[in-house]
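Participant: predicted model and sequence below, questions to follow.
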Amino acid sequence: MQKTLYIDVLKLDDIRTEVLKQFSTLMQMHTRSHYFMKAVEKLIDSTLVESQSFLQKILCQQKDVEEVRLITSLINRYYQIVNTLNLLRAEEEKSHSSKTFYTKSAMISFNDISANLSLAFENLEYFSTHDSMTNLHNRRYFNNILDYEISRSERHHHVFSVLLIDMDNFKQINDSYGHPCGDQVLVKIASVLHANVRKGDMVSRIGGDEFGILLPETDPVGAEKVAWALKTSVSNTQFEDLQGGHFYTTVSIGIVNFPKDAHNIIDLLSGVDIALYSAKKRGKNTVYAFSKQ
């Protein structure tokens, strides 16, 4: 028994090194955290067989073979550490001895892996709610907060407004200056939008060159003031291409108010989308407020 344990412990450093390398790779991949987060949540209180069964169900939806391999390997390696530690503890109990060198080594590896699981979970939780390019909240989080704000509005009889902002010539920027420059423009616009709203307002990147802003406790008049100010701020912002040249761009903005223009999130999102489309039809670089009339 002791010989087997000794061999297992000698492998722990290699296992730990491999796991840490895999964590690093997953972070660089910006893995679709939904699946990995589920695995981490399930990991701690499950047996290896239970975790493998669970992983099989959730990972079968994945198309990224490398990501599936890494996550599965991480889970299996984690249990190698756990099982070795349990065997060592059982051996000590039989012999009534204090912690051996091998148990201490196993515990160090176990704690190391657990700490990195926790760190990975925190990082991936961030990625699941934020856009990695602009660091703004993403569409999924934005919609969740809209649901919450609707409930809060109905409970306390507050109004709120939503802005949908779209760049007017983003394709032209990408075609003229290249996608890396286009990415820089998105980051700068995100910064401009964030700098020109109140602390309690929420700016999100909905996708592509589209941004959403939640304005809690803001009536239609207040929302229009904010929208025009944001449009002007973007129009006055100077952007740089990768060769050191400068250019300007504009945005169109749609507005919807709750509960005046909508009674649920579907109406809200549909209304603000229609408002943005109307702003585009009116020649772009303008603001349009949705109305049910």
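Facilitator: Right, received. Where do you want to start?
Participant: so residue 291 sits in a strand?
Facilitator: No: judged by DSSP: H, G, I helix; E, B strand; the rest coil, residue 291 forms no part of a strand; its state is coil.
Participant: these two touch, right, it and residue 256?
Facilitator: No: contact criterion Cβ atoms under 8 Å: residue 291 and residue 256 do not qualify, at 9.4 Å. From N, CA and C alone the C-beta is placed, and that goes for glycine too.
Participant: those two: which has the busier surroundings?
Facilitator: residue 256 (27 against 15; other Cβ atoms under 10 Å).
Participant: tell me if I'm right that the more buried one and residue 278 touch.
Facilitator: No: the pair residue 256 and residue 278 fails to qualify as a contact (Cβ under 8 Å) at a distance of 11.3 Å.
Participant: which residues are in contact with both of these two?
Facilitator: Shared contacts of residue 256 and residue 278 (Cβ atoms under 8 Å, 6 or more residues apart in numbering): residue 290.
Participant: show me where this structure has helices.
Facilitator: Using DSSP state H, the helices of the chain run over 2-10, 12-29, 33-43, 48-59, 65-95, 101-129, 139-156, 170-177, 179-195, 220-235, 265-281.
Participant: let me see the mean pLDDT of the fourth one.
Facilitator: I take that to be helix 48-59. Taken as a whole, helix 48-59 has an average pLDDT of 52.
Participant: cool, the third one as well?
Facilitator: Mean pLDDT, helix 33-43: 48.
Participant: tell me the pLDDT of the nearest residue to residue 262 once chain neighbours are set aside.
Facilitator: Leaving aside its sequence neighbours, residue 262 sits nearest to residue 268 (Cβ to Cβ, 6 or more residues apart in numbering; 4.1 Å). Looking at residue 268, its pLDDT stands at 96.
Participant: isn't residue 268 right up against residue 149?
Facilitator: No: Residue 268 is beyond contact range of residue 149, at 9.4 Å (criterion: Cβ under 8 Å).
Participant: any shared contact partners between these two?
Facilitator: residue 258.
Participant: which one's more surrounded, these two?
Facilitator: Between residue 268 and residue 149, counted using other Cβ under 10 Å, the more crowded position is residue 268 (25 against 21).
Participant: circling back: now do the residue nearest to residue 262 against residue 189, distance only.
Facilitator: Residue 268 sits 23 Å away from residue 189, going by Cβ to Cβ, to the nearest Å.
Participant: how about residue 173?
Facilitator: On the measure of Cβ to Cβ, residue 173 and residue 189 end up 11 Å apart.
Participant: need the residues touching each of these two.
Facilitator: Joint contacts of residue 173 and residue 189 (Cβ under 8 Å, 6+ apart) are residue 167.
Participant: wait, residue 273 touches residue 165, no?
Facilitator: No: using Cβ under 8 Å, residue 273 is not in contact with residue 165; the gap is 12.0 Å.
Participant: have a look at the two and say which one is more surrounded.
Facilitator: For residue 273 versus residue 165, neighbours defined as other Cβ under 10 Å are more numerous around residue 165 (26 against 16).
Participant: what about residue 205, how many neighbours?
Facilitator: For residue 205, the neighbour count with other Cβ under 10 Å is 26.
Participant: need the contact list for it.
Facilitator: Residues in contact with residue 205 (Cβ under 8 Å, 6+ apart) are 131, 133-134, 136-139, 186, 190, 211-212.
Participant: 7 Å - rerun?
Facilitator: 131, 134, 136, 138, 190, 211 (Cβ atoms under 7 Å, 6 or more residues apart in numbering).
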